[in-house]
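Student: heads up, no residue letters with this:
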């Protein structure tokens, strides 16, 4: 069953590009709790927080953002990187928030959240990551002497196959197949609304070229700062949530990464996949709110 996402939507100019966001004011006018910013993962959009926003906004004003290249934000043919998205988060905070906020992110959004809070400590009061990817660790699996060849091969593959694959992957039946087969544990959560949340932005005129640019950017050595260094410099508490059945990033990564942050808590979510916030929203909402009041 589709649920209406009760948000006020808006856009702002970021580096000449249209950036999209939604906000729901705290349902408790007397609450003085910090605002919450939600950052989606790769190829997702702010609508995927559909069953988190109502619970989180009972006592917090909740913002959700579409990263550049995704959702309702513009999809330019440019070089994408964690640095660019962190700059986008900072721009949003400066324009709309202005006080320390709780930054919550999933997957690539989790990496953006952690880096943003580390590089710009004034914007964050706490950080929550859901399935936190370490790009540097992933790249380190390839020997240094082999990395130039690997990048060359990936560039060729990207040139020849990424755009045709994009047109295949944006088909609703394929989105449903991937979400049910790889991303989610609770297949009933993969409903028509979720498929449309992902499929609609992919139909934008610039979406295919942006996807090619995103793919090429992922293969560049300057795509992301060091996550472990950022975690070690984090000045606020960190909650790491991880689905025990995450098929995209090994859950064991949580035990490794939690050691780097000075004040970190790791919680595994049983029978939950890569997008735990939408796979098991009640559990994630409970863990976040419970941690915020601890």
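Tutor: Here it is on my side, so go on. Predicted, not measured: the structure shown is a model, and the values here were computed from it.
Student: neighbours of residue 293, just the number please.
Tutor: Neighbourhood size, residue 293 [other C-beta atoms under 10 Å]: 8. To be clear about C-beta, it is placed using only N, CA and C from the backbone, and glycine gets the same treatment.
Student: try residue 172
Tutor: Other residues within reach of residue 172, judged by other C-beta under 10 Å, total 14.
Student: Not counting its own residues, what contacts the host helix or strand of residue 242?
Tutor: Assigned by DSSP states H and E, residue 242 belongs to strand 238-243. Outside strand 238-243, the residues that touch it by C-beta atoms under 8 Å, 6 or more residues apart in numbering are 114, 126-132, 185, 231, 251, 253-254, 257-258, 261, 263-269, 272-276, 279-280, 284, 287-288, 291.
Student: With stretch 180-191 instead?
Tutor: Where contact means C-beta under 8 Å, 6+ apart, the residues beyond stretch 180-191 that reach it are 1-2, 176, 179, 243, 245, 247-248, 271-275, 278-280.
Student: quick revisit: just checking: what are the partner strands of the strand holding residue 242?
Tutor: strand 124-130 (parallel), strand 264-269 (parallel) (DSSP bridges).
Student: circling back: now, which of the contacts of stretch 180-191 lie within strands?
Tutor: If you go by DSSP state E, the contacts of stretch 180-191 have residue 243 in strands.
Student: Spell out for me the PyMOL command that would select the buried members of the contacts of stretch 180-191.
Tutor: Buried residues among the contacts of stretch 180-191 (16 or more other C-beta atoms under 10 Å), as a PyMOL selection:
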select buried, resi 176+179+243+245+272+273+274+275+278+279+280
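Student: Can you give me the first-to-last residue distance of stretch 99-113?
Tutor: 16 Å (C-alpha to C-alpha, to the nearest Å).
Student: what mean pLDDT would you report for it?
Tutor: Across stretch 99-113, pLDDT averages out at 98.
Student: Stretch 262-282 now?
Tutor: Averaged across stretch 262-282, pLDDT comes to 97.
Student: May I have the distance across it, first residue to last?
Tutor: Stretch 262-282 has an end-to-end distance of 28 Å (criterion: C-alpha to C-alpha).
Student: What about residue 217, how many residues nearby?
Tutor: 18.
Student: Sorry, wrong one. I was asking about residue 270.
Tutor: Neighbours around residue 270, by other C-beta under 10 Å: 10.
Student: Which residue comes closest to it once chain neighbours are left out?
Tutor: Nearest residue to residue 270 in three dimensions, chain neighbours excluded: residue 244, at 5.1 Å (C-beta to C-beta, 6 or more residues apart in numbering).
Student: these two touch, right, that neighbour and residue 271?
Tutor: Yes: using C-beta atoms under 8 Å, residue 244 is in contact with residue 271, at 6.8 Å.
Student: got the contact list for residue 92?
Tutor: Residue 92 touches 12, 14, 19, 21, 37, 63, 65, counting by C-beta under 8 Å, 6+ apart.
Student: which residues in the stretch 151-294 of the chain form helices?
Tutor: All helices of the stretch 151-294 of the chain, identified by DSSP state H, counting those that start in this stretch, fall at 163-169, 172-178, 192-202, 207-218, 227-232, 252-257, 276-279, 281-293.
Student: typo on my end, the stretch 1-150 of the chain
Tutor: In the stretch 1-150 of the chain, the helices defined using DSSP H, counting those that start in this stretch lie at 53-56, 82-92, 108-119, 135-140, 147-157.
Student: ok, of these, where does mean pLDDT dip lowest?
Tutor: helix 147-157 (a mean of 45).
Student: Now do residue 133 against residue 224, distance only.
Tutor: The gap separating residue 133 from residue 224 is 9 Å, by C-beta to C-beta, to the nearest Å.
Student: what residues are shared contacts of these two?
Tutor: Common neighbours of residue 133 and residue 224 (C-beta under 8 Å, 6+ apart) are residue 111.
Student: Between those two, point out the one with more neighbours.
Tutor: The residue with more neighbours, out of residue 133 and residue 224, is residue 224; 25 against 22, by other C-beta under 10 Å.
Student: That one and residue 119 touch, don't they?
Tutor: No: using C-beta under 8 Å as the test, residue 224 is too far from residue 119 to be in contact (11.8 Å).
Student: Just give the number of residues close to residue 294.
Tutor: 8.
Student: Distance of it relative to residue 98?
Tutor: Counting by C-beta to C-beta - residue 294 and residue 98 are separated by 26 Å.
Student: same check, this time on residue 117
Tutor: 16 Å.
Student: what about those two, which has more around it?
Tutor: residue 117 (30 against 11).
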